[in-house]
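*Asks:* What shape does this take:
(one chain, ligands or ions: 1)
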Amino acid sequence: MSERVVLAYSGGLDTSVAIPFLAEQTGGEVIAVAVDLGQGGEDLETIRKRALACGAVEAVVIDAREEFAADFCFPALRANALYMDRYPLVSALSRPLIVKHLVAAAKTFGGTVVSHGCTGKGNDQVRFEAGLSALHPELKVIAPARDYAWTRDKAIAFAEDKGLPIDVSAKSPYSIDQNLWGRAVETGFLEDIWNGPVEDLYSYTADPAEPREADEVVITFKGGVPTALDGRALTPFQIVDELNRRAGAQGVGRIDMVEDRLVGIKSREVYEAPAAIALIAAHMELENVTVERDLARFKRSVDQRWGELVYDGLWFSPLKDSLDAFINDAQKHVSGDVRLTLHAGRAVVTGRRSDASLYSYDLATYDTGDTFDQSLAKGFVELWSLPSKIASMRDRGQA
Ligand code: ARG
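*Replies:* Modelled structure (predicted):
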């Protein structure tokens, strides 16, 4: 029986060229799968037709925007996921969702091979293939860019030779990956890490330095999940989409960093993630108000591990499942409203309220009405410092 190759298809040059290449290489048929994760650009029907025109026997397009927001972006938000304390995992969140749909398509269409457009230098090959191993280990993988050293010039020559209906002239100087949760940009001149980013790198955010009126938004959370903006109940996709526009218009969420890739190299990436950064700021503050101290402290280390696991391609893994169960439990009181001012590149919390608040005005106030018994503090401090006091006396020969 001939192979059936399920290809993660973007509609761009490289994955379009991959269709006839994979058919030739395997002597089989290619099924193209394109997933809408809120990346914008061409509509899915145009992409579907192009896949068929390039020789795919089937082309499946999936609007996964709500699924991506609810099942991938919001779990990352509940984990305050920022790899290396800064990067909100934009690309890392999308690959496991694409994998899910590739596996579903392989089951529907009898796929035996999966193909993706990643190179051998990045994290995304790992995320695709680790995900596939977890969900459908029997599938073989072909990554033309990595396994057959495809270059852009080779792809253009191949497209022209085969007369493929794709525009080979549209050459962006940047390597970009974007979706609802944000946008990642790499490029030649940024590879000199002393070079500063230029304004035309950005498309989700306006220049934060430009003068403009501030925006203010109230975000409502239930159990750690955003449910409304300014009192309007919205779907997960709508919330992230609206915040991308509003926080983006204020230049919120630009990140320029050198990061540690899983494959061992350090790379420079410029990100913009206006909604993600605003939502994480709001969510962290609501946790500050509603999560008990030791649980909150412990959760910070869980959050960090969660972010590293997902960055490292282990979305579908036993440790990630267990951390999810912990985070889920830790979110049960994270409900309430957070008010943010969006301005000059920053999302700043200015107010918070919650029925599950652990903040007690009566305990915190320095005004009359204070119910905190200060006389208890004296003995507490003495016993708290006792172990260090004894050690210090020993060290000074006084014990
Ligand atoms: N470095 C990011 C990650 O590994 C983004 C990768 C894709 N970036 C790109 N500009 N194409 O998650």
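
*Asks:* can you list the residues of the chain near the ligand?
*Replies:* Residues of the chain found near the ligand (C-beta under 6 Å from any ligand atom) are 91, 92, 123, 175, 176, 177, 184, 185, 186, 269. Backbone N, C-alpha and C define where each C-beta goes, glycine included.

*Asks:* mind redoing it with 5 Å?
*Replies:* Proximity of the chain to the ligand, by C-beta under 5 Å from any ligand atom, involves residues 91, 92, 123, 175, 177, 184, 186, 269.

*Asks:* Of those residues, which is the nearest to residue 262?
*Replies:* Nearest to residue 262, judged by C-beta to C-beta, of those is residue 123 at 5.1 Å.

*Asks:* For the stretch 201-350 of the chain, just list every one of the strands.
*Replies:* In the stretch 201-350 of the chain, the segments counted as strands under DSSP state E, counting those that start in this stretch are 215-222, 225-229, 232-233, 254-260, 266-272, 336-343, 346-353.

*Asks:* Make JSON lines from those and add mean pLDDT to it.
*Replies:* What follows is the strands of the stretch 201-350 of the chain, written out as JSON lines (pLDDT from 0 to 100):
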{"stretch": "strand 215-222", "mean pLDDT": "99"}
{"stretch": "strand 225-229", "mean pLDDT": "99"}
{"stretch": "strand 232-233", "mean pLDDT": "98"}
{"stretch": "strand 254-260", "mean pLDDT": "98"}
{"stretch": "strand 266-272", "mean pLDDT": "98"}
{"stretch": "strand 336-343", "mean pLDDT": "98"}
{"stretch": "strand 346-353", "mean pLDDT": "98"}
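
*Asks:* could you dump these to TSV with mean neighbour count?
*Replies:* TSV is the format used below for the strands of the stretch 201-350 of the chain (neighbours: other C-beta atoms under 10 Å):
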stretch	mean neighbour count
strand 215-222	18
strand 225-229	18
strand 232-233	11
strand 254-260	16
strand 266-272	20
strand 336-343	20
strand 346-353	16
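
*Asks:* burial measure for residue 169, as a count.
*Replies:* If you count neighbours by other C-beta atoms under 10 Å, residue 169 ends up with 6.

*Asks:* Can you go through the residues of the chain next to the ligand and name the buried ones?
*Replies:* With burial judged by 16 or more other C-beta atoms under 10 Å, the buried subset of the residues of the chain next to the ligand is 91, 92, 123, 177, 184, 269.

*Asks:* Let's see which of those residues end up in strands.
*Replies:* 177, 184, 269 (DSSP state E).

*Asks:* circling back: now, the most widely separated pair of the residues of the chain next to the ligand?
*Replies:* Every pair in the residues of the chain next to the ligand was compared (C-beta to C-beta); the two farthest apart turn out to be 92 and 175, at 15.9 Å.

*Asks:* that older thread, CSV for the residues of the chain next to the ligand, including distance to residue 11?
*Replies:* As requested, the residues of the chain next to the ligand are exported to CSV (distance: C-beta to C-beta, whole Å):
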residue, distance to residue 11
91, 17
92, 22
123, 22
175, 16
177, 14
184, 18
186, 20
269, 23
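
*Asks:* Could you find the lowest-pLDDT member of the residues you listed?
*Replies:* Sorting the residues of the chain next to the ligand by confidence puts residue 175 at the bottom, with a pLDDT of 92.
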